[in-house]
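> turn this into a model:
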Amino acid sequence: MGRDKALLPWHGKTFLQAHIELLNGHSELVIVVAGKNRAFLEPVVYAAGAFLVTNPTPELGQFSSLQTGLREVLNHGRDAALIALVDRPPCKSVTVALLRERFLIVYEQGRWAVVPEFADKHGHPIIAGREMIEAFLKAPSTSTARDVEHAVQKHIDYFPVQDPAVVMNVDTPEDYERLQLQTSRE
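Numbers count the residues shown, from 1 in each chain. A predicted model of the protein is given here:
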């Protein structure tokens, strides 16, 4: 992209601000993981009422940031996490509410996480219970979240939702332009 995707403008905010606002409505605390971009994210995170933690090894990639954030979740005494990627637009609030409701049901049935699904694609945010958090934390830093998810797939609940935002991704300036055009028509 040539710039920090978390700070891309989105409906009068940034992706990061929109995610924090969404998650604040559905969780007790919001933790944002920064890397070398901490100085740029810090004012946005604190102004939105979230916590900021720095990944000590951002050069190891996105999975190391996930592990950093999940350690912080456990350090704050929580046993579950709503995990969102801030380099894409947030989903609808109703989608998060449905995912939370679903998690409360299936966790009692032995599922460790709920992953939203749209048009046969898995998306974000996901809700992970303690067992899933520990699976992520025990995995080698060279892993990916997808590797870990697939290794424990029998414990994952893939939950169909009617929200295309759960699978939207922004990797290029062209993707971002298309996304802006698409949402301006909605």
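
> what about the helices in the chain?
Assigned by DSSP state H, the helices in the chain fall at 15-24, 38-47, 62-75, 93-107, 130-138, 145-151, 173-185.

> most tightly surrounded among those?
helix 15-24 (a mean of 21; mean count of other C-beta atoms under 10 Å). Where C-beta positions appear, they are placed from N, C-alpha and C, glycine not excepted.

> where does pLDDT dip in this structure?
Scanning the chain for pLDDT under 70 picks out 1, 184-186.

> circling back to that earlier point, quick one: closest of the helices of the chain to residue 2.
helix 173-185 (7.3 Å; C-beta to C-beta).

> ok, now which ones touch the closest residue to residue 30 other than its chain neighbours?
Distance criterion C-beta to C-beta, 6 or more residues apart in numbering; nearest residue to residue 30, sequence neighbours excluded, is residue 50 at 4.0 Å. Contacts were defined as C-beta atoms under 8 Å, 6 or more residues apart in numbering; by that measure residue 50 touches 20, 23, 24, 29, 30, 31, 32.

> now do the closest residue to the last one other than its chain neighbours against residue 80, distance only.
If you skip the residues right next to it in sequence, residue 32 has residue 45 as its closest partner in space, 4.8 Å away by C-beta to C-beta, 6+ apart. Distance of residue 45 to residue 80, computed by C-beta to C-beta, to the nearest Å: 21 Å.
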